[in-house]
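>>> Here is my input; please provide its structure:
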Amino acid sequence: MSRAQSMYVYVVLAATAIIAAIGASVLLGALIDQVWPGRVISGNPSSAVAMGISLLAVAAPVWVFHWRLALKKVAADPSERERGLRQACLAFLMAVSITVAGFGAGGIISDLSGGRASVSGDVMARLFIWGLVWAFHWREARKTWRAGHMGRSWHRLYLYVAAAGTLVAGVIGLARLLDGLLSAAYDAALPGEVLYTGAVWTRGLQESLGAAVTGLGLWALHWRTGAKGDRGSTLRDVYVTLAAAAAVITGMAAAGVILQALFRMPIGSLGEPASARIGDLTGWAGLWLAASLPWLYYTPLLLWPGRAIEPSYASPWTGWAYRYAAMAAGMAALGAAAVFGIAILVGLTVPAEDVFLKGPGEVREAVAAMLAAAVLGAVVWGGMGLWLRRVPATPDRDQVERLYQFGITGAGLLAAVGGAATALYIFLNDALNSRLGGGTA
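Residues are numbered from 1 along each chain as shown. You can find the predicted model right below:
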């Protein structure tokens, strides 16, 4: 099959598969709502049935014809199965279908957790129809899957991108769920601080539960099952390193906000009780707890393979890349603390109309932020640095360490250039305004 013919066939297959799946989902959802007891139907169900039949009747025959054409080409030339266009089409349809099916699964979990016996036919149809679309294309894509194969594989790319996306969705849903539960616990512990309290198990928490369960479940499907045993894959090494590093950075950001609020309280506040500031931290505490789960899962794969809950398969350089990424995050926190410190010093010592920190409230916030960033940076950067001193050097470590040193040097130089340019602009702007006048009429 020529490249132009392949492009035509697989573009048509992708488009008609989506249109046919939409039609089947709309039709099935309308039929479920008709026969499901106790359903309250809004709108005209006949319109949904007509639309579903129309889309399905038009797109399905076109898809069947082109799919049979593609199968004939594969039978005539087995190498066609591994062509990039075919694999890209399968990966694209898997990504679309698993996303829609995931929303359907999350909606079902949300409805059931809210005590609603009558689940929407739309979400059930999404899960069933788009789940079938995903399973069909997954089965085709797995025929070219070889664990540890270093060749180009769109299926491998799909696996790790889907694992990353579903993990992020699951962690966000879990963070929102923990935020709601911690907020409710805070309201129950300090009822005098709350002006209004509603039901604890709200629709938002039910949706968060659905997102968390669906996201983490799909992550397990792609990572624990789909990518299992993928030894020697560079993409796997990159994914594991980035997942662990992202968990560290997210946890540091949440911990920084929490520490800033805790440091802010002994410094003093302007008419705001300390309990109110603590009550605003439930979201950050939930994010920190949710981010700790992927950190606890992926870190042993990189640093302590013997303690991991599954075989690591990680290359030696991934552990060093993770360690130096953590050091870079700690260095960034120390740099932020230095910036806050300089801003505080300038704001307190240089009288000017346009200052960085206006009023005692902003100064206190900056002091608390400086202390929080300094503590986080010292713990992460200093702790990792002390640990690295006790570990013997290896070629992989030397290579990663050089990249880290050049990266830190380049980032620091760019930051210094930007800061110097900003300071020079402020100085020249003030000097010229005082000499030439502040403006024109």
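
>>> Okay, and the spatially most central residue of the chain sits in which element?
For the chain, the residue nearest the mean C-alpha position is residue 168 (3.2 Å; C-alpha atoms, centre = their mean). Using DSSP states H and E, residue 168 maps to helix 154-189.

>>> show me where the protein has strands.
For the chain, applying DSSP state E gives no strands.

>>> Worst mean pLDDT across the helices and strands of it, which element?
In the chain, no helix or strand scores lower on mean pLDDT, DSSP states H and E than helix 274-279, which sits at a mean of 63.

>>> Count the residues that sit near residue 305.
14 (other C-beta atoms under 10 Å). Quick note: C-beta positions are derived from backbone N, CA and C, even for glycine.

>>> what are the phi and psi values for the residue lying closest to it once chain neighbours are set aside?
Once flanking residues are discounted, residue 305 sits nearest to residue 312: 3.8 Å by C-beta to C-beta, 6 or more residues apart in numbering. The phi/psi pair for residue 312 (degrees, to the nearest 10) reads phi -80, psi -50.

>>> my guess is residue 312 contacts residue 301, does it?
Yes. The criterion here is C-beta atoms under 8 Å, and residue 312 meets it with residue 301 at 4.7 Å.

>>> between these two, which one's more packed in?
residue 301 (23 against 18).

>>> For that one, give its distance to residue 231.
As judged by C-beta to C-beta, to the nearest Å, residue 301 and residue 231 stand 12 Å apart.

>>> next one: residue 32
From residue 32 to residue 231 the distance is 44 Å (C-beta to C-beta).

>>> so residue 218 touches residue 100, yeah?
No. With contact defined as C-beta under 8 Å, residue 218 does not count as touching residue 100 (12.0 Å).

>>> neighbour-wise, which of these two wins?
residue 218 (24 against 20).

>>> How about the more buried one: what's its closest non-neighbour residue?
Using C-beta to C-beta, 6+ apart, the nearest residue to residue 218 is residue 166, at 4.0 Å.

>>> before we move on, what about residue 227?
For residue 227, the closest residue by C-beta to C-beta, 6+ apart turns out to be residue 159, at 4.8 Å.

>>> Any regions of the stretch 101-250 of the chain where pLDDT drops low?
Within the stretch 101-250 of the chain, the stretches with pLDDT under 70 are 116-118, 148-152, 190-199.

>>> Could I get the full set of helices for it?
121-125, 131-141, 154-189, 203-219, 234-267 (DSSP state H, counting those that start in this stretch).

>>> quick revisit: of residue 32 and residue 231, give the one with the bigger neighbour count.
More crowded of residue 32 and residue 231, by other C-beta under 10 Å: residue 32, with 18 against 12.

>>> The more buried one is in contact with residue 121, isn't it?
Yes. The pair residue 32 / residue 121 is scored as a contact, 3.1 Å apart, by C-beta under 8 Å.

>>> and the angle for the helix holding residue 168 with helix 203-219?
150 degrees (axes from the mean of the first three to the mean of the last three C-alpha atoms, to 10 degrees).

>>> got the angle between helix 154-189 and helix 131-141?
Using the same axes, to 10 degrees, helix 154-189 lies at 140 degrees relative to helix 131-141.

>>> What are the buried residues along helix 154-189?
154-156, 158-160, 162-184, 186-187 (16 or more other C-beta atoms under 10 Å).

>>> Pull the distance from it to the chain's centre.
8 Å (C-alpha atoms, centre = their mean, to the nearest Å).

>>> Then stretch 59-68?
That offset, for stretch 59-68, works out to 36 Å (C-alpha atoms, centre = their mean).

>>> So what's the residue count around residue 105?
The number of residues packed near residue 105 is 24, by other C-beta under 10 Å.

>>> my read: it touches residue 130, true?
No. Contact criterion C-beta under 8 Å: residue 105 and residue 130 do not qualify, at 9.8 Å.

>>> who does the longest helix anywhere in the chain touch, helix- and strand-wise?
Longest helix of the chain, by residue count under DSSP state H: helix 395-436. Packing contacts for helix 395-436, counted by 3 or more C-beta pairs under 8 Å, 6 or more residues apart in numbering; DSSP states H and E, involve helix 316-349.

>>> how about the helix it packs on: buried residues?
Buried residues in helix 316-349 (16+ other C-beta under 10 Å): 317-337, 339-341, 343-344, 347.

>>> and the gap between the residue nearest to residue 218 and residue 384?
29 Å.

>>> do the same with residue 21
Distance from residue 21 to residue 384, by C-beta to C-beta: 48 Å.

>>> Residue 135 too?
44 Å.

>>> now residue 254
In terms of C-beta to C-beta, residue 254 sits 19 Å off from residue 384.

>>> ok, now residue 106?
For residue 106, the distance to residue 384 - C-beta to C-beta - is 37 Å.

>>> the more surrounded of those two?
For residue 106 and residue 384, the more surrounded residue by other C-beta under 10 Å is residue 106, and the numbers stand at 27 against 20.

>>> what about stretch 104-112, distance to the chain center?
Counting by C-alpha atoms, centre = their mean, stretch 104-112 comes out at 21 Å from the chain centroid.

>>> If you count neighbours, what's buried in it?
104, 105, 106, 107, 108, 109, 110, 111.

>>> List the contacts of it.
119-120, 122-128, 130-131, 173, 203, 206-207, 209-211, 213-215, 217 (C-beta atoms under 8 Å, 6 or more residues apart in numbering).

>>> Narrow those to just the buried residues.
119-120, 122-128, 130-131, 173, 206-207, 209-211, 213-215.

>>> out of the helices of the stretch 101-250 of the chain, nearest to residue 290?
Minimum separation from residue 290 across the helices of the stretch 101-250 of the chain (C-beta to C-beta) falls at helix 154-189, 3.9 Å.
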